[in-house]
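[1] this is the structure alone, sequence omitted:
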């Protein structure tokens, strides 16, 4: 079953969006990634056992800050709290 994840990510240019897209598409079972520098948002459709946390970590490993996130399940949107500074790896 495919799941849709959205992340509000601080990106300043197309290179930032490209780096994040490359990191996410390296994960298994990623069906699509849409990065918008204008909206500061990354939308991901993942299948299989690829988790929300795996995608979030891939974004953070590029050095980009995740400012907000949510899981979209049909008509339901589940907001995920952003970790306090100093608590993320």
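    Alright, I've got the coordinates. As the structure is a prediction and not an experimental result, all values here were calculated from the model. Numbers count the residues shown, from 1 in each chain.
[2] ok, residues contacting the longest helix that the chain contains?
    Counting by DSSP state H, the longest helix found in the chain is helix 14-25. Contacts with helix 14-25, where a contact means C-beta atoms under 8 Å, 6 or more residues apart in numbering, come from 9, 11, 30, 33, 35-37, 42, 44, 55, 58-59, 61-62, 64. Quick note: C-beta positions are derived from backbone N, CA and C, even for glycine.
[3] again, 6 Å this time
    For helix 14-25, the external contacting residues (C-beta atoms under 6 Å, 6 or more residues apart in numbering) are 11, 30, 33, 35, 37, 42, 44, 55, 58-59, 62, 64.
[4] and of the residues you listed, the nearest to residue 73?
    Using C-beta to C-beta, residue 44 comes nearest to residue 73 of these, at 13.8 Å.
[5] mean confidence (pLDDT) on the longest helix of the chain, please.
    Taken as a whole, helix 14-25 has an average pLDDT of 97.
[6] same question for stretch 38-50.
    Average pLDDT, stretch 38-50: 95.
[7] quick one: that stretch to chain centroid distance?
    Relative to the chain's own centre, stretch 38-50 is displaced by 5 Å; criterion: C-alpha atoms, centre = their mean, to the nearest Å.
[8] can you give me the buried ones in that stretch?
    Using 16 or more other C-beta atoms under 10 Å as the burial criterion, the residues of stretch 38-50 that qualify are 40-42, 44-46, 50.
[9] which stretches in this structure count as helices?
    With DSSP H as the criterion, the chain has helices at 14-25, 52-60.
[10] turn those helices into CSV, including distance to residue 79 and mean neighbour count.
    Listed next are these as CSV, based on distance: least, C-beta to C-beta, whole Å; neighbours: other C-beta atoms under 10 Å:
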stretch, distance to residue 79, mean neighbour count
helix 14-25, 20, 17
helix 52-60, 12, 18
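[11] among those, which comes closest to residue 4?
    Checking the helices of the chain against residue 4 by C-beta to C-beta gives helix 52-60 as the closest, at 10.2 Å.
[12] against which helices or strands is the closest one packed?
    With contacts defined as 3 or more C-beta pairs under 6 Å, 6 or more residues apart in numbering; DSSP states H and E, helix 52-60 has these neighbours: strand 3-9, helix 14-25, strand 66-73.
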